[in-house]
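In: give the three-dimensional model of this entry:
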Amino acid sequence: MTKIYTLTEEQRYLRAKKRVTELKGFYCHLLSFGLVILILIFTNYMTFWGYKWFRYPAMGWGIGLAFHAYRVFVTNGILGYEWENRQIEMFIEKDRLFAVRDK
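Out: Numbers count the residues shown, from 1 in each chain. Have a look, this model is predicted:
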């Protein structure tokens, strides 16, 4: 049986703050990716442009960036908000059962 819990203003604020923190983290990650890869491209160009080795760190870091983007922008993914809400409901129900049992 699924129960719907209404959110208070404080809970809405905390959820929004968490979302903003996630977005900020992603954009910082994206910015650092861009800057470091540009530095690597420049270094590769200045040393030996015949072998473009900067592609390897760009691909590796790009994969990590893609996972980060998935986590931030696909909110109902494998461990998204729906999963999180189900877990919260499960723990609340367990707490209720233990509270009743302990009385």
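In: now the helices for this protein?
Out: For the chain, the helices defined by DSSP state H cover 9-47, 55-73, 81-102.
In: which of those comes out lowest on mean pLDDT?
Out: Mean pLDDT is lowest for helix 81-102 out of the helices of the chain, coming in at a mean of 80.
In: including mean neighbour count, could the helices of the chain go into TSV?
Out: The way it works is simple: take the backbone N, C-alpha and C, and place the C-beta from them, glycine included. Shown next, in TSV, are those (neighbours: other CB atoms under 10 Å):
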stretch	mean neighbour count
helix 9-47	12
helix 55-73	13
helix 81-102	11
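In: okay, now the closest residue to Ile41 other than its chain neighbours: neighbour count?
Out: Ranked by CB to CB, 6 or more residues apart in numbering and with sequence neighbours excluded, the top spatial neighbour of Ile41 is Phe54, at 5.0 Å. Residues within reach of Phe54, counting by other CB atoms under 10 Å, total 18.
In: for Phe54, phi and psi?
Out: Backbone torsions of Phe54, given as degrees, to the nearest 10, read phi -60, psi -20.
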